[in-house]
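Peer 1: Pasting a predicted model and its sequence here:
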Amino acid sequence: MTSALGVDVTLEDSHLEQTIERAIAGERVDALVARLRTRGVAAQRLESVERVCARSTAMGDGTQETMTLVFERDEHHPSGHPVELIGRCAVRCARAGITSSTAPPNPAADTRSVLAELGYSEQTVRDMFDSQEVSESWATEYLPP
């Protein structure tokens, strides 16, 4: 990217950042993206997740838009609400398959076993859950529905 912008890469990081900022300051996003793409830099205007999700891959001229993002709906998000996320393998490789890892356990899923390891009795753990001192999931207020 630096060579596409005509920036000297031998500058110290603080100077490099400022030089890049000056090189793109005032340039319209579409013009900058076009300039970078013509020099082989994969550039894309940032969009909201909602806008990208809502956009159809079918273009008005009948062609298909190439999407490089994968979206996953996590029905069992630790927040207690379904959440639309950019996938863990959001960038697709042209020559390699994608292997998606399994989802990690929900935060606090091991609460009971951790409390047992710390020496709390089963009754004390039940009391802690009953009084809502501890939980096996995030609070429902953590993220908006």
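Peer 2: Now that the structure is in, tell me what you want to look at.
Peer 1: CA only for contacts and neighbour counts going forward, please
Peer 2: Noted.
Peer 1: Assign a three-state SS to the residue lying closest to residue 108 once chain neighbours are set aside, would you?
Peer 2: What sits nearest to residue 108 in space, not counting adjacent residues and going by CA to CA, 6 or more residues apart in numbering, is residue 136, at 4.7 Å. What DSSP: H, G, I helix; E, B strand; the rest coil gives for residue 136 is coil.
Peer 1: now residue 72
Peer 2: For residue 72, the assignment made with three-state DSSP gives strand.
Peer 1: Burial check on it, number of neighbours?
Peer 2: 14 (other CA atoms under 10 Å).
Peer 1: list the contacts for the residue nearest to residue 108?
Peer 2: 107-112 (CA atoms under 8 Å, 6 or more residues apart in numbering).
Peer 1: pLDDT for these - can I get that in TSV?
Peer 2: As requested, the contacts of residue 136 are exported to TSV (pLDDT from 0 to 100):
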residue	pLDDT
107	75
108	79
109	82
110	89
111	91
112	92
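Peer 1: Return the closest of these with respect to residue 7.
Peer 2: Residue 7 has its nearest neighbour among those in residue 107, at 44.2 Å by CA to CA.
Peer 1: Verify the stated contact: the closest one with residue 135.
Peer 2: No - assessed by CA atoms under 8 Å, residue 107 is found out of contact with residue 135, at 9.6 Å.
Peer 1: When these two are compared, which one has more neighbours?
Peer 2: Per other CA under 10 Å, whichever of residue 107 and residue 135 has more neighbours is residue 135, with 17 against 14.
Peer 1: distance of that one from residue 108?
Peer 2: Here residue 135 is placed at a distance of 7 Å from residue 108 (CA to CA, to the nearest Å).
Peer 1: what does residue 116 give?
Peer 2: For residue 116, the distance to residue 108 (CA to CA) stands at 14 Å.
Peer 1: Same question for residue 3.
Peer 2: Distance of residue 3 to residue 108, computed by CA to CA: 47 Å.
Peer 1: Tell me which of those two has more neighbours.
Peer 2: residue 108 (14 against 11).
Peer 1: Could you export the contacts of residue 136 as a markdown table, including secondary structure and distance to residue 20?
Peer 2: Putting the contacts of residue 136 into a markdown table (DSSP: H, G, I helix; E, B strand; the rest coil; distance: CA to CA, whole Å) gives the following:
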| residue | secondary structure | distance to residue 20 |
| --- | --- | --- |
| 107 | coil | 40 |
| 108 | coil | 43 |
| 109 | coil | 45 |
| 110 | coil | 47 |
| 111 | helix | 48 |
| 112 | helix | 51 |
